[in-house]
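**Q** Give the three-dimensional model of this entry:
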Amino acid sequence: MRKLVLFDIDGTLVKVEGISRNALIEALRKVYGSEGSAATYSFAGKMDGVIIYEVMRESGLLDNHIQARFEDVKQTYIDIFKQCAEQNHVQLLDGVVALLDELAAHSDVVLGLLTGNFEDSGRHKLALSGINHYFSFGAFAEDGHERIDLPEVAVDRAYHRTGKRFTGKDVVIIGDTEHDVRCAKVLNSKCIAVATGYYSIESLEAGKPDHVVENLRDTTRIKEMILSE
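**A** Below is the predicted model:
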């Protein structure tokens, strides 16, 4: 096996407009009695757990009070999201299925997720868009306090599934924000930044990823970037 390819979800594989924020706002109101700054907070590239802490601090809650009800608000958010999100709320981004098909056909490529989503809500997005089956494992919001904690978790899970310890540029992180670029630098991984989210090509280039692309439509080109040494 040559490459471990780790995909971000939101803005990279799919776009979910509005429903995630609305579900979180409802959950925060139910559990904490306030939505904090959730209506205006930028979710891009952030961990779901971090989002909850930061938006509730804006409403004056102390960390110990947030922590005391954290599992409640997490599960409430997941439940509301899964009840409300339907297939028409999830936009599968151009080129994603073709690229995943190509990579899944390679016996020397392992596919995984590296995302700030809680696993249940993240996988529900992928299930609604018909691509959850490509990913048998990943690293999620539950697996670290910061996004930079996640690459090591994903590499370790890949090792337990394959027996191979992926290192350096054999790990490829594909994402749409500066946070994905930073993640790649933690283990000196390869990064392909894709401008299908809220970040422009220019802003992504500022973080010095290995490659920046406008989208994932050019399957041959993206695959070459992934498989190159």
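**Q** Identify the residues contacting the most centrally placed residue in the chain.
**A** Nearest to the mean C-alpha position of the chain, counting by CA atoms, centre = their mean, stands Thr115 at 2.4 Å. Thr115 makes contact with 7-10, 122, 138-141, 150, according to CB atoms under 8 Å, 6 or more residues apart in numbering. Quick note: C-beta positions are derived from backbone N, CA and C, even for glycine.
**Q** Quick one: these as JSON lines, columns for pLDDT too.
**A** Formatted as JSON lines, these follow (pLDDT from 0 to 100):
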{"residue": "Phe7", "pLDDT": "98"}
{"residue": "Asp8", "pLDDT": "97"}
{"residue": "Ile9", "pLDDT": "96"}
{"residue": "Asp10", "pLDDT": "94"}
{"residue": "Gly122", "pLDDT": "96"}
{"residue": "Gly138", "pLDDT": "97"}
{"residue": "Ala139", "pLDDT": "98"}
{"residue": "Phe140", "pLDDT": "97"}
{"residue": "Ala141", "pLDDT": "95"}
{"residue": "Leu150", "pLDDT": "96"}
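**Q** just the buried members of these?
**A** Neighbour-count burial (16 or more other CB atoms under 10 Å) applied to the contacts of Thr115 gives 7-10, 122, 138-141, 150.
**Q** Gly95: which of these is nearest?
**A** Phe7 (12.3 Å; CB to CB).
**Q** Spatially, and excluding backbone neighbours, which residue is closest to the closest one.
**A** Ile174 (5.1 Å; CB to CB, 6 or more residues apart in numbering).
**Q** Same question for Gly144.
**A** Gly144 sits nearest to Leu150 (CB to CB, 6+ apart), 5.3 Å away.
**Q** what about Tyr198, distance to Leu103?
**A** 25 Å (CB to CB, to the nearest Å).
**Q** Of the two, which one has the most company?
**A** Taking other CB atoms under 10 Å, Tyr198 and Leu103 do not tie; Leu103 has more neighbours (21 against 14).
**Q** What ranges does the protein have for its strands?
**A** Secondary structure of the chain (DSSP state E): strands at 3-7, 14-16, 90-92, 109-114, 138-139, 171-175, 190-194, 211-213.
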